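Chemist: missing the sequence, but the structure's below:
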C-alpha cells in the first residue's frame, strides 16, 4: 500500500472500510470515559457502573433504499432496527435513540409521519426512548440518520477482537433471505416499469418471508437475552449487516485468528433457496455475501458446545483456527475456499 | 389549530420547530436512565454519578452550507462546533463525538480528509474524542451528521425551562456577526459570477472577523468554565443558533415567563455595524434575527448581578418578567416591540 502513488487512491478503491480506517487512523482517545472508540459496532462510554453504548447509522435515498418499493413506515422501522442491532452486537441493550432527518418539499407531512411511525413502532417494541434529533430540509433526496445509545455491564460487553483458537463460530437465524428479498423487489420493479397494464400488481405470494427480511428486519435482542439467561458471554460478536464473509473476516482480522466454516452448516430458509434457484444465484454465495440479515455472528469457547446447542435459533457453523491457517469455507465435498469479503460496499453503489 | 383542515398542514407552514413538536408529541420516556429527552439542546442520560449528554446535528449541502465559499476544513470544524455548543448550552462538557458522512464520487479523498481534518482540529481543541460514525456514498450532495456526547453533574445541568421572574437575561460575546459574514460571502459569490476577469479575488480585507464568525464559529466552553469557577448556575440557558429572538422565545415559552430586552444593551461588533450600514440592513434586526453566532443566552437570579458583571464576555441585556407582560424589545427611545421569531427556519430554505 505504501508504494502506491498517492494520487491513485480513489474512494472506490478504498471502499467503505478502507476509507473509515484511513480517516480514523490518527485518532487518539483522550478522555478516561472513552473506553472504546472507532472500530466496533458501537462506542463504549464510561459514565458509571453501567456502560453507555452509542452507535449511529445513516440511510440515504437511492443508496440504502429505493422509495419505489420501500414503504416509509418500513424505512423508519428498519433505520431504528439496524442501530438496535449494533447495540445488540456489543451484547448490550438499546435504551435511547436520536433521529436526524433531511426531507425535501416533495414530501408531505403524512409521509414523514409514516417514517416516524415506523421508528416509534420499533422503539416501542424494543423499549427504547427517542431522546432527540435534528430535522431539516433537503434539496434532494431523503436522508435519515439515527443515533442509538445502549447500556451494558462492563464485563459483559463483547468486542470483535476476542475470538480464540478452537472457539465455536455461531450464527443466529438464517442467512441470505434479505438479499434475495431485495433481488425480488428489484425484479418486480423492472417488470412493473416494462409493462403497460395500469392494474398490474407484483406477484409476491409465498415470498412474504424474504420480503419481510429485507423491508422489516429485526435486531436479535432475544438472542442477547437468551445468552444472558444461559450465562454465556461470547468471546467475539458482531451483527451480519454486510454479509457473513465480510463479518467473519472482521472478527478473524481483529482477533488475529483464522476460521473454518462448513457449507452444509449454513442456515438457509426454504424460500431463500427457492428464490436462488429461480434467479440462478448460487445459494452458498447468497448466504455468504448477501447483507442486511441483521443476525448475530459470535464465537464461544469450545467447552460451551452443549450450552450453545440448547439455544433456540443459534447454529454452530464452524470453528476458529490459528491465523496461519487462514479463513476458509469447507464445501460439501470437502474442498476449501478462502473466504473473501464480497459484501455490500458503500462506494460501489455510487456508479448508478 | 384543532379546527384546521388536516390536508392544509404543510412542512412550510409548520416550520422546523412545529414539525419537531408535531412529530415528537406522542413520545413517552420509558427508561429510568432517560432523564431528559426531546426539547432541549441535548438529551440527558443517567449512567451513574456524572450524567451523559448527547446531541446530534445534520448539515446538508445547499441548505446549511454552500461549497462555493465554505472551505471543507471549516465545514468540518463548524459541524463539530455546533454540537459542542449544544452540550455547552446544557452547562456540560463535550466528551465524545460520532461522525456520519455521505459523499458522492465527485469528491476526492483529499477533500474528505479536509472535512475530517476540520473535525479533528475542533476535537483536539475542545478535548473531545471521536468514537464512531458511519461513512457512505451519496447520489447527490454532501451530508454531514454529527452526534456529540458530553457529561455534567446532575445538579449543574441547565435546561431551557428554569427562567424566573426578575432573573437577568445575559448573552455572551456579540451578535449578528455570523449573519453579516454570510451576507458578505453571498454578495462576493454574486459578484464573482457576474465578472469576467479570471484573476478576480473577492475583497475581504478588514472583514476577517465576520467571515470567521460565519465559517469558523467557536462553542463557548470558556464561558461554561468561568461560570463554574464563579459558582454560578444559570436558571435557563441555550445557544444562539437560530437568532436571539427565536431563542428568547424558546426560553420564555418553556419557562412560562416574559422578558424585556434593551436595544442599547445588545452587544454588536464594530465590523458587524459597518457591514449593516453597507448592506442597508437594520443593525438591531441583524443582532436579533441573525443566526449561527453560537453564543450562549442564559438567565441568572437578580442577586447574582454583581457576580455576573465580573465575568468576561458576558452582557446583561434585560430581565425576565411575568408571562402576562409578553416578550418585548425596548428601543433606545423607550418604545416596546413584541419579540418575534424571524430566525432561520429549515423549511423556508427549501424554495430555491
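Modeler: Happy to help now that I have it. Just so it is clear, the model here is predicted, and its values are computed rather than measured.

Chemist: For burial, what's the neighbour tally of the closest residue to chain B within the stretch 101-250 of chain A?
Modeler: Going by C-beta to the nearest C-beta, chain B is nearest to residue A:131 of the stretch 101-250 of chain A, at 3.5 Å. (Glycine included, C-beta is placed from N, CA and C.) Using other C-beta atoms under 10 Å in any protein chain shown, residue A:131 has 30 other residues around it.

Chemist: any idea how far it is from residue B:306?
Modeler: Distance of residue A:131 to residue B:306, given as C-beta to C-beta, to the nearest Å: 38 Å.

Chemist: so what's residue A:300 bridging to?
Modeler: Under DSSP bridges, the beta-bridge partners of residue A:300 are residue A:168.

Chemist: ok, it - contacts?
Modeler: By C-beta atoms under 8 Å, 6 or more residues apart in numbering or on different chains, the contact list for residue A:300 reads A:167-168, A:170, A:232, A:234-235, A:308.

Chemist: 6 Å - rerun?
Modeler: Going by C-beta atoms under 6 Å, 6 or more residues apart in numbering or on different chains, residue A:300 touches A:168, A:234, A:308.

Chemist: Using the three-state scheme, assign residue A:80.
Modeler: Recorded secondary structure, residue A:80: helix (DSSP: H, G, I helix; E, B strand; the rest coil).

Chemist: surely it meets residue A:122?
Modeler: Yes - under the criterion of C-beta atoms under 6 Å, residue A:80 makes contact with residue A:122 at 3.7 Å.

Chemist: burial of residue A:154, as a residue count?
Modeler: The local packing of residue A:154 (other C-beta under 10 Å) involves 11 other residues.

Chemist: buried set for stretch A:112-127?
Modeler: Neighbour-count burial for stretch A:112-127 flags A:112-123, A:126 (criterion: 16 or more other C-beta atoms under 10 Å in any protein chain shown).

Chemist: Helices - which of those land there?
Modeler: A:112-123, A:126 (DSSP state H).

Chemist: could those residues be laid out in JSON lines, adding pLDDT and distance to chain B?
Modeler: Shown next, in JSON lines, are these (pLDDT from 0 to 100; distance: C-beta to the nearest C-beta, whole Å):
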{"residue": "A:112", "pLDDT": "82", "distance to chain B": "7"}
{"residue": "A:113", "pLDDT": "83", "distance to chain B": "7"}
{"residue": "A:114", "pLDDT": "88", "distance to chain B": "11"}
{"residue": "A:115", "pLDDT": "89", "distance to chain B": "9"}
{"residue": "A:116", "pLDDT": "86", "distance to chain B": "5"}
{"residue": "A:117", "pLDDT": "89", "distance to chain B": "9"}
{"residue": "A:118", "pLDDT": "93", "distance to chain B": "12"}
{"residue": "A:119", "pLDDT": "91", "distance to chain B": "10"}
{"residue": "A:120", "pLDDT": "88", "distance to chain B": "7"}
{"residue": "A:121", "pLDDT": "92", "distance to chain B": "11"}
{"residue": "A:122", "pLDDT": "94", "distance to chain B": "13"}
{"residue": "A:123", "pLDDT": "89", "distance to chain B": "9"}
{"residue": "A:126", "pLDDT": "92", "distance to chain B": "10"}
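
Chemist: Distance to residue A:207 for these - can I get that in TSV?
Modeler: Output for these, formatted as TSV (distance: C-beta to C-beta, whole Å):
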residue	distance to residue A:207
A:112	29
A:113	29
A:114	23
A:115	25
A:116	28
A:117	25
A:118	21
A:119	26
A:120	28
A:121	23
A:122	23
A:123	28
A:126	26
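
Chemist: State the three-state secondary structure for the residue of chain A found nearest chain B.
Modeler: Relative to chain B, the nearest point of chain A is residue A:48 (1.4 Å; C-beta to the nearest C-beta). Under three-state DSSP, the three-state class of residue A:48 is coil.

Chemist: burial measure for it, as a count.
Modeler: 15.

Chemist: how close does it sit to residue A:158?
Modeler: With C-beta to C-beta as the criterion, residue A:48 and residue A:158 are 20 Å apart.

Chemist: got the residue ranges for the strands in the stretch 1-150 of chain A?
Modeler: A:34-36, A:43-46, A:50-60, A:93-103, A:129-137, A:143-153 (DSSP state E, counting those that start in this stretch).

Chemist: What about the contacts of residue A:300, which one has the most neighbours?
Modeler: residue A:234 (27 neighbours).

Chemist: quick one: which of the contacts of residue A:300 is nearest to residue B:226?
Modeler: Nearest to residue B:226 among the contacts of residue A:300, counting by C-beta to C-beta, is residue A:234 at 47.6 Å.

Chemist: what's near enough to touch that closest one?
Modeler: Going by C-beta under 6 Å, 6+ apart, residue A:234 touches A:158, A:298-300.

Chemist: measure it to residue A:158 for me?
Modeler: Between residue A:234 and residue A:158 the distance is 5 Å, computed by C-beta to C-beta.

Chemist: what does residue A:53 give?
Modeler: Residue A:53 is 11 Å from residue A:158, by C-beta to C-beta.

Chemist: again, but for residue A:328
Modeler: Counting by C-beta to C-beta, the gap from residue A:328 to residue A:158 is 24 Å.

Chemist: More neighbours: which of those two?
Modeler: Using other C-beta under 10 Å, the more surrounded residue of residue A:328 and residue A:158 is residue A:158, with 25 against 17.

Chemist: What strand or helix carries that one?
Modeler: Secondary structure assignment for residue A:158, by DSSP states H and E: no helix or strand.

Chemist: centre of the chain versus stretch A:296-312, how much separation?
Modeler: 21 Å (C-alpha atoms, centre = their mean, to the nearest Å).

Chemist: Report the separation between the two terminal residues of it.
Modeler: 13 Å (C-alpha to C-alpha, to the nearest Å).

Chemist: try stretch A:220-238
Modeler: 11 Å.

Chemist: List the buried residues for that stretch?
Modeler: A:220-221, A:223-224, A:226-227, A:232-238.

Chemist: Nearest to residue A:86 among these?
Modeler: Nearest member of the buried residues of stretch A:220-238 to residue A:86, counting by C-beta to C-beta, is residue A:238, at 8.8 Å.

Chemist: how about the closest one, secondary structure?
Modeler: Per three-state DSSP, residue A:238 ends up strand.

Chemist: Name all residues that make contact with it.
Modeler: So residue A:238 contacts A:41, A:89, A:160, A:247, A:297 (C-beta under 6 Å, 6+ apart).
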